[in-house]
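Enquirer: Please find the sequence and the predicted model below.
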Amino acid sequence: QVQLVDSGGGWLQAGGSLRLSCAVSGRTISSTTMGWFRQAPGKEREFVAAINWSGSSKYAADSVKGRFSISRDNAKNTVYLQMNSLKPEDTAVYHCAGRLGSALTTMSSAYDYWGQGTQVTVSS
């Protein structure tokens with residue numbers, strides 16, 4: 001059984017930084033495309049960033065480009081989301097996700113596995 005465990009969320013003031021982690025168990029992620037999504041109260045789930053199996057290809061949403069960075073450590077079966085210059089509009093529950101396909105995609109329906117989410121709250 002594949003499990004994704006998100007961690008690293010918290011409360012902080014605007015301008016601060018956080019690093020989220022997603023630990024995967026039950027299968028190796030070395031052949032899996034990984035992504036991060038977020039969902040704010042009353043809003044639909046939104047794509048944040050994705051990374052291919054080797055880490056050589058990444059894609060981020062325009063709203064976080066230049067501030068957020070996705071990375072992975074296949075030896076540790078873990079994916080990270082480094083978030084800098086956080087803004088109040090970044091407040092959301094952040095979920096990591098994995099898909100068996102190789103293409104980077106922003107569509108949540110294309111992902112096969114999901115973490116439970118970690119809350120990030122940014123105050124102004």
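Expert: Yep, it's here. Numbers count the residues shown, from 1 in each chain.

Enquirer: wait, isn't residue 46 in contact with residue 35?
Expert: No. At 11.3 Å, residue 46 and residue 35 do not qualify as touching, with contact defined as CB atoms under 8 Å. Any C-beta I mention is one placed from the backbone N, CA and C, and that applies to glycine too.

Enquirer: So for the two, which sits in the more crowded spot?
Expert: For the pair residue 46 and residue 35, the greater number of neighbours falls to residue 35 (27 against 16), based on other CB atoms under 10 Å.

Enquirer: wouldn't residue 10 be in contact with residue 20 here?
Expert: No. Between residue 10 and residue 20 there is no contact under CB under 8 Å: 9.7 Å.

Enquirer: tell me, what's touching these two both at once?
Expert: Where contact means CB atoms under 8 Å, 6 or more residues apart in numbering, the residues bridging residue 10 and residue 20 through contact with each are residue 120.

Enquirer: Look up which helix or strand the residue most central in space within the chain falls in, please.
Expert: The central residue of the chain, meaning the one whose C-alpha is nearest the mean C-alpha position (CA atoms, centre = their mean), is residue 36 at 2.4 Å. Assigned by DSSP states H and E, residue 36 falls within strand 33-39.

Enquirer: and if you look at residue 30?
Expert: Under the criterion of DSSP H and E, residue 30 resides outside all helices and strands.

Enquirer: Sweet, I'm off.
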